[in-house]
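Undergrad: below are the sequence and a predicted model; questions follow.
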Amino acid sequence: MAQTANQNTVDNGLKNELMKKGIVIASLNDLYNWGRRSSIWPMQFGLACCAIEMIATACARYDIARFGAELFRPSPRQADMMIVSGTVTKKMAPQVVRLYNQMAEPKYVITMGACSIAGGPFIDGYNVLKGIDRYIPVDVHLPGCPPRPEALLYGLMELQKKIDSQEIETTEWYQKGMKREYPVPDFGPHGLIPKFNPEVWNPRQNDHRKERYGGPILIGKKTKAPDLEAVAAAPKPAAPAAPNPPNA
């Protein structure tokens, strides 16, 4: 995740000398971003097995409270960060987008686990979304199945670096005419409508999975259901006769 750190115009040597005397020089951006990155409130919800790792991060062994992010809020109105922890099914995707729209600005998203990033081991399943970033913007991706609590803490520190790089004058949530409410997908005859949000995601031009695995990957609805009754009524092949024992 590329970002540019805020640069202070005060000489570092002068700052160090003043700090020895108890004088701290900081810009308004430094104080503002320090307060925001040190008090990130995640939303309290989990989707699948990655949520267990997220819960372990909040326990005493890893103690996410060291980063000021231990206050999991049950309401999206009070949350700053959404941790999409686990498999996002097509039935759950509209609810995730709706919760994101209800969060107050500024808001951030961390996708935790291969399932929420690209479908994971269920990528060819008809009921699993191939990544939540098709509908909402994602700030940090944490690969793994599942990623350990240390990985979530690392992702939180990367998000803190991104917050440190932001400036009050140029942040998008202070600009006029900003639109951060995305359309909630609805169920259609062949999946979600729309299939993705073009504001945050566009489909690939080339299928890299086909190049890696060789043959074509069939994804879609079957044209005909198997006839299970005919399979059950089919006569079973006769068992081969046992050979006669040799004469004693």
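TA: Received the coordinates, thanks.
Undergrad: average pLDDT across the strand or helix carrying residue 19?
TA: For residue 19, the host element (DSSP states H and E) is helix 12-20. Averaged over helix 12-20, pLDDT sits at 77.
Undergrad: in which helix or strand would I find the residue nearest to the spatial centre of the chain?
TA: Taking C-alpha atoms, centre = their mean as the criterion, residue 111 is the residue nearest the geometric centre of the chain, at 1.6 Å. Per DSSP H and E: residue 111 is located in strand 108-112.
Undergrad: can you name the next helix or strand after that strand?
TA: The helix or strand immediately downstream of strand 108-112 is helix 114-118, counting by DSSP H and E.
Undergrad: so what touches the next helix or strand after that following helix?
TA: Next helix or strand after helix 114-118 toward the C-terminus (DSSP H and E): strand 140-142. Strand 140-142 is contacted by residues 1, 108-113, 117, 133, 151-152, 154-155, 158-159, 162 when judged by C-beta atoms under 8 Å, 6 or more residues apart in numbering. (Glycine included, C-beta is placed from N, CA and C.)
Undergrad: run the last query once more with 7 Å
TA: Here strand 140-142 makes contact (C-beta atoms under 7 Å, 6 or more residues apart in numbering) with 1, 110-113, 117, 151-152, 155, 158-159.
Undergrad: same question for stretch 187-202.
TA: Contacting residues not belonging to stretch 187-202 are listed as 90, 93, 133-137, 182-183, 185-186, 203, 221 [C-beta under 7 Å, 6+ apart].
Undergrad: pull the longest helix from this structure.
TA: Ranked by residue count, the top helix of the chain under DSSP state H comes out as helix 149-164.
Undergrad: how about that one: buried residues?
TA: 149, 151-153, 155-156, 158-160, 162-164 (16 or more other C-beta atoms under 10 Å).
Undergrad: what is the orientation angle of it with strand 108-112?
TA: Angle of helix 149-164 versus strand 108-112, following axes from the mean of the first three to the mean of the last three C-alpha atoms, to 10 degrees, is 160 degrees.
Undergrad: could you say what helices and strands helix 149-164 packs with?
TA: Helices and strands touching helix 149-164, by 3 or more C-beta pairs under 7 Å, 6 or more residues apart in numbering; DSSP states H and E, are helix 28-37, helix 50-57, strand 108-112, strand 140-142.
Undergrad: for the protein, where's the lowest mean pLDDT among helices and strands?
TA: Using mean pLDDT, DSSP states H and E, the weakest-scoring helix or strand in the chain turns out to be helix 208-213, at a mean of 61.
Undergrad: and the pLDDT for residue 105?
TA: As predicted, residue 105 sits at a pLDDT of 86.
Undergrad: ok, the one 5 residues further on next?
TA: Per-residue confidence (pLDDT) for residue 110: 95.
Undergrad: for the one 3 residues further on, same thing?
TA: According to the predicted model, the pLDDT of residue 113 comes to 93.
Undergrad: what does residue 187 give?
TA: pLDDT recorded at residue 187 is 84.
Undergrad: got it, and residue 223?
TA: Residue 223 carries a pLDDT value of 55.
Undergrad: partners of residue 140 in the sheet?
TA: Beta bridges link residue 140 to residue 110, judged by DSSP bridges.
Undergrad: what's the distance between it and residue 134?
TA: Residue 140 sits 17 Å away from residue 134 when distances are taken as C-beta to C-beta, to the nearest Å.
Undergrad: same deal with residue 56?
TA: Separation of residue 56 from residue 134 (C-beta to C-beta): 28 Å.
Undergrad: and residue 129, how far from residue 187?
TA: The gap separating residue 129 from residue 187 is 13 Å, by C-beta to C-beta.
Undergrad: these two: who's more crowded?
TA: residue 129 (28 against 12; other C-beta atoms under 10 Å).
Undergrad: contact partners for the closest residue to the more buried one other than its chain neighbours?
TA: Counting by C-beta to C-beta, 6 or more residues apart in numbering, residue 129 lies nearest to residue 88, which is 4.5 Å off, once chain neighbours are set aside. For residue 88, the contacting residues are 47, 96, 115-116, 129, 132, by C-beta under 7 Å, 6+ apart.
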